[in-house]
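> Show me how the following folds:
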Amino acid sequence: MLRNAAVRVPADSWDNASCCEGWSARQVAGHATWVLNTITAGATNQPKPGPQDEAEIAGADPAATVCHAVDGCLAALDQAGALDVEYDSLFGEMKMDDFLGSIFPDPLAHAWDLADAAGIAHGIDASMAQSAMATLEPASDSLRAPGMLADIVETNSADAVDQMIAFTGRTSVRS
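Numbers count the residues shown, from 1 in each chain. A predicted model of the protein is given here:
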């Protein structure tokens, strides 16, 4: 989903505001890239990248940057034993496979962020949003820490994607 959204963002939309306070679409792409690069480093037993400016990570061609990070992450995770690596995650030490199971809503939400900032369709299907909710809901309290998810936004929508986005504390910049 993240790659799909990134390649469809018009070139003149990367500096549009996103629903992530203080971040443009370019900065969302940089953050998502950093997360993917961190996973890649963990899966390959390399040092994790340190904090970096999100816009600098995204660079002049954020779509290409995101695609490169997705490809690198998938290639790293496809290596024998990568899913069994003990990973020092933001949730503590765990197997990479378990971490991926807990973090997959993050790039999904950032795909929505990019689409919303650019005014394009997000392309997230209901079943994927429902799976993300099944992962997010049990961990709701721990996910509301600073730097994590914002408070839940009230929604009357029955749409699974709308519910997931509201759960992650997002409100469209298009509203």
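> Can you tell me the centre-most residue of the protein?
The centroid of the chain falls nearest to residue 107 when counting by C-alpha atoms, centre = their mean (2.2 Å).
> Just name the shakiest helix or strand of this protein by mean pLDDT.
Lowest by mean pLDDT, DSSP states H and E among the helices and strands of the chain is helix 140-143, with a mean of 86.
> Go through that one and flag the buried ones.
For helix 140-143, a neighbour-count test (16 or more other C-beta atoms under 10 Å) marks residue 143 as buried. C-beta coordinates here come from the backbone N, C-alpha and C atoms, glycine included.
> Pull the residues that contact it.
Applying C-beta atoms under 8 Å, 6 or more residues apart in numbering, the contact partners of helix 140-143 are 91, 136, 148-149, 152, 167.
> Which helix or strand lies directly C-terminal to the longest helix anywhere in the chain?
Longest among the helix segments of the chain by residue count, using DSSP state H, is helix 25-43. Beyond helix 25-43 in the direction of the C-terminus, DSSP states H and E gives the next helix or strand as helix 54-58.
> Restrict that next one to CA atoms and write it as PDB.
The C-alpha atoms that make up helix 54-58 are tabulated as PDB, following Å, rounded to 0.1, in the frame of the first residue of the first chain:
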ATOM      1  CA  GLU A  54      12.400  13.300   7.500                       C
ATOM      2  CA  ALA A  55      12.400  15.600   4.400                       C
ATOM      3  CA  GLU A  56      16.100  14.900   3.900                       C
ATOM      4  CA  ILE A  57      15.500  11.200   4.000                       C
ATOM      5  CA  ALA A  58      12.700  11.500   1.400                       C
END
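> Averaged pLDDT, it. What do you get?
In this model, helix 54-58 has a mean pLDDT of 98.
> What is that helix packed up against?
Counting contacts by 3 or more C-beta pairs under 8 Å, 6 or more residues apart in numbering; DSSP states H and E, helix 54-58 is packed against helix 25-43, helix 62-77.
> Past the least confident helix or strand of the chain, which element shows up next along the chain?
Beyond helix 140-143 on the C-terminal side, the first helix or strand identified by DSSP H and E is helix 160-167.
> List the buried residues for that next one?
Buried residues in helix 160-167, counted by 16+ other C-beta under 10 Å: 160-167.
> Any idea which of the helices and strands packed on helix 54-58 gets closest to residue 129?
helix 25-43 (17.5 Å; C-beta to C-beta).
> now the angle from that closest one to helix 62-77?
Going by axes from the mean of the first three to the mean of the last three C-alpha atoms, to 10 degrees, helix 25-43 is angled at 10 degrees with respect to helix 62-77.
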